[in-house]
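Undergrad: Show me the folded form of this:
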Amino acid sequence: MCNVFAGQDPRRYASETRRLRLNGQSTSIRLEHSFWMILDQIAASEGVTTPCFVSKLHSEVLELRGEPENFTSLLRCACLVFIESSATERPSLMAAE
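TA: Model prediction:
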């Protein structure tokens, strides 16, 4: 089982830094490539660019909870929420066994 995780392509977990604007301020965000791929997918499903999606998410978090302590962690968890919600929409592979 660990080979599935240990044997993955190192590019998946390589860090990637992207520059974007959050509420009009230029900043950079560093995430693993896999998380950027998921954020790109979420943005596309919303019909916006990834920087636009990330900025909108940041604005909504500010409005709901104030400045997040760790916005990159919030982005990673947003990716998990997206994956989890996508998984509940698909039939479970475990149920077929």
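Undergrad: where does this protein have low pLDDT?
TA: Applying pLDDT under 70 to the chain flags residues 1, 90-97.
Undergrad: Isn't Arg18 up against Thr27?
TA: No. Checked against Cβ atoms under 8 Å, the pair Arg18 and Thr27 is beyond contact range at 9.6 Å. For every residue, glycine as well, the C-beta is placed using N, CA and C.
Undergrad: what's the burial count for Tyr13?
TA: 11 (other Cβ atoms under 10 Å).
Undergrad: Next: the one 5 residues further on.
TA: Each residue near Arg18 was counted by other Cβ under 10 Å, and the total is 14.
Undergrad: and the gap between it and Ser34?
TA: Going from Arg18 to Ser34 by Cβ to Cβ, to the nearest Å gives 14 Å.
Undergrad: what does the strand or helix carrying Ser85 rub up against?
TA: Using DSSP states H and E, Ser85 falls within helix 71-89. The contact list for helix 71-89, computed with Cβ atoms under 8 Å, 6 or more residues apart in numbering, reads 29-31, 35, 38-39, 41-42, 54, 57-58, 61, 68.
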